[in-house]
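Peer 1: Give me a model of this one.
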Amino acid sequence: MTRRGLFAPALGALAAACSPLGLLNGLGPRDRTAGRMARNLEYGPDPRQKFDLYGPTNAQGPVPTVVFFYGGGWDSGDRSLYGWAAQALAARGFLVALPDYRLVPEVRFPTFIEDAAAATARVAEVAGQYGGRSETLGVAGHSAGAHLAMMIALDRRYMAAVGQPDLIGAAAGLAGPYEFLPLDVASSINAFGQAPDPLQTQPVTFARADAPPLWLGHGTDDRVVHDEDTIILNDRMRAVGGRSEAKLYPGLNHADLIATFSPLFRKKAPVLDDVSAFFHRELG
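Peer 2: Just a heads-up that it's a prediction; the model follows:
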C-alpha cells in the first residue's frame, strides 16, 4: 500500500485523536507562572471569531507574541479546551493568543485559513496592551492547526489580504498535515473538496526561499498524520533555499506531541522546550 493509501483513512481520525486532549484543560495541572490575561477578544463578527490571551505573570518588559491554533480535523475544536497548552507556552515567556476559527460544515476552504490570518492580524493590534510585542509574531499549531499556521506563513495571499504581509516572523508546526493529496476521505473532501485547484490547499505548494523560518515536529509513531508530511515540507523548504528544521520524536503518537506541553507528560519529550527555544531565537 502506498504512503497516501495509509494516510487517507487516518486523516478522517484527526478530530477523534485530538478530542481527548481537551480533558487536560479541566483535569491536568497548570503552569502557575502564567495565566489568562483576556478572553473573548473579537477579530470578526461571527461568534467563533474570538480569541483569549495568556501571558507570563512575572514578565519584565514586552515579550514575544505567538498565535496558537488547536487541531480538530477542520471540523471540531474549541479554545475553551486548550487553555492548558496556551498557558504552558506562555509560562516560557510569551504572550500567547488562542483563537477559535470557523469550522466545517459551516464553512469550507479557504474560510478557516482566512480566519487564521484575520485572528493573527488582530492579535498584533492588541498585543501591546497586554505586554506582547506586535511588530512581528510567531504562529504555531497542532494537527489541523499546524496546517493553518503553515498556510498563513507560506502562502503570501492570506496575510496580505488582512494588510499584514510581513507580520509573521516564525512558524512552528506540531504533527501537521502538509501534503495530503488526493482528497479521498470524508474529512478532507468536506473541508477542501470544493477547491478549484487542490494544490492550493497544500502547504508544500508554497515553500519558498523567503518564507519565515519553520520548525516542524512530529512523532515517529503518529498513525493519524504520518511523520513523512513533516519530512516532505522540511525537504521542500530546504530545496528552495528556505530556513526549516525538523525534529522527529521517537515513540510519540499524534496526541502525544501536544500532550507533552502539559506538566503531566512533559518528561516524555522536550517538545515544549524545543518550540520555546525556536521562537525565542527567531522572535528575539
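
Peer 1: Would you state the helices of the stretch 151-284 of the chain in chain order?
Peer 2: For the stretch 151-284 of the chain, the helices defined by DSSP state H, counting those that start in this stretch occupy 156-161, 186-192, 228-239, 254-259, 271-283.

Peer 1: Correction: the previous question concerned the stretch 1-150 of the chain.
Peer 2: Along the stretch 1-150 of the chain, counting by DSSP H, counting those that start in this stretch, helices occupy 3-11, 14-18, 23-27, 83-90, 111-126, 144-154.

Peer 1: can you list contacts of the last one?
Peer 2: Defining contact as CB atoms under 8 Å, 6 or more residues apart in numbering, one finds that helix 144-154 is touched by 14, 18, 67-74, 77, 101, 112-113, 116-117, 120, 139-141, 158-159, 168, 171-178, 203, 206-208, 211-212, 214, 233. C-beta: built from backbone N, CA, C; applies to glycine.

Peer 1: same thing but at 7 Å, please
Peer 2: Identification of contacts with helix 144-154 by CB atoms under 7 Å, 6 or more residues apart in numbering yields 14, 69-74, 112-113, 116-117, 120, 139-141, 158-159, 168, 171, 173-178, 203, 206-208, 211-212.

Peer 1: ok, now the fourth one?
Peer 2: Applying CB under 7 Å, 6+ apart, the set of residues contacting helix 83-90 from outside is 24-25, 28, 30-31, 34-36, 52, 54-56, 66, 68, 96, 98, 258, 261-262, 272, 276.

Peer 1: orientation of it relative to helix 271-283 in degrees?
Peer 2: Interaxial angle of helix 83-90 relative to helix 271-283 (axes from the mean of the first three to the mean of the last three CA atoms, to 10 degrees): 50 degrees.

Peer 1: Just the CA trace of helix 83-90, in PDB.
Peer 2: Extracted in PDB, the C-alpha atoms of helix 83-90 (Å, rounded to 0.1, in the frame of the first residue of the first chain):
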ATOM      1  CA  GLY A  83      -6.100  26.800  27.600                       C
ATOM      2  CA  TRP A  84      -3.600  24.500  29.300                       C
ATOM      3  CA  ALA A  85      -1.500  24.400  26.100                       C
ATOM      4  CA  ALA A  86      -1.500  28.100  25.600                       C
ATOM      5  CA  GLN A  87      -0.700  28.600  29.300                       C
ATOM      6  CA  ALA A  88       2.200  26.200  29.100                       C
ATOM      7  CA  LEU A  89       3.800  28.200  26.200                       C
ATOM      8  CA  ALA A  90       3.000  31.500  27.900                       C
END
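
Peer 1: Next, count neighbours for residue 240.
Peer 2: For residue 240, the neighbour count with other CB atoms under 10 Å is 12.

Peer 1: Now for residue 139: which residues touch it?
Peer 2: Shown in contact with residue 139 (CB under 7 Å, 6+ apart): 67, 120, 149, 152, 153, 168, 171.

Peer 1: State the pLDDT value of residue 21.
Peer 2: The per-residue pLDDT reported for residue 21 equals 73.

Peer 1: And for residue 10?
Peer 2: pLDDT for residue 10: 44.

Peer 1: coming back round to it: for residue 42, find the nearest of the helices of the stretch 1-150 of the chain.
Peer 2: helix 111-126 (7.7 Å; CB to CB).

Peer 1: Show me which residues of the closest one are buried.
Peer 2: By neighbour count on 16 or more other CB atoms under 10 Å, the buried set for helix 111-126 is 111-124, 126.

Peer 1: and if you look at stretch 229-248?
Peer 2: Residues of stretch 229-248 classed as buried: 229-234, 236-238, 242, 244, 246-247 (neighbour count, 16+ other CB under 10 Å).

Peer 1: any idea of the mean pLDDT for that stretch?
Peer 2: Stretch 229-248 shows an average pLDDT of 98 in the prediction.

Peer 1: ok, residues contacting that stretch?
Peer 2: 176-179, 203-204, 207-209, 211, 213-218, 220, 227, 274.

Peer 1: Quick one: low-confidence residue ranges for this structure.
Peer 2: Applying pLDDT under 70 to the chain flags the ranges 1-20, 22, 27.

Peer 1: got JSON lines for the buried residues of stretch 229-248, with distance to residue 134 too?
Peer 2: Below are the buried residues of stretch 229-248 laid out as JSON lines (distance: CB to CB, whole Å):
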{"residue": "229", "distance to residue 134": "31"}
{"residue": "230", "distance to residue 134": "29"}
{"residue": "231", "distance to residue 134": "34"}
{"residue": "232", "distance to residue 134": "33"}
{"residue": "233", "distance to residue 134": "28"}
{"residue": "234", "distance to residue 134": "29"}
{"residue": "236", "distance to residue 134": "30"}
{"residue": "237", "distance to residue 134": "26"}
{"residue": "238", "distance to residue 134": "30"}
{"residue": "242", "distance to residue 134": "25"}
{"residue": "244", "distance to residue 134": "25"}
{"residue": "246", "distance to residue 134": "29"}
{"residue": "247", "distance to residue 134": "29"}
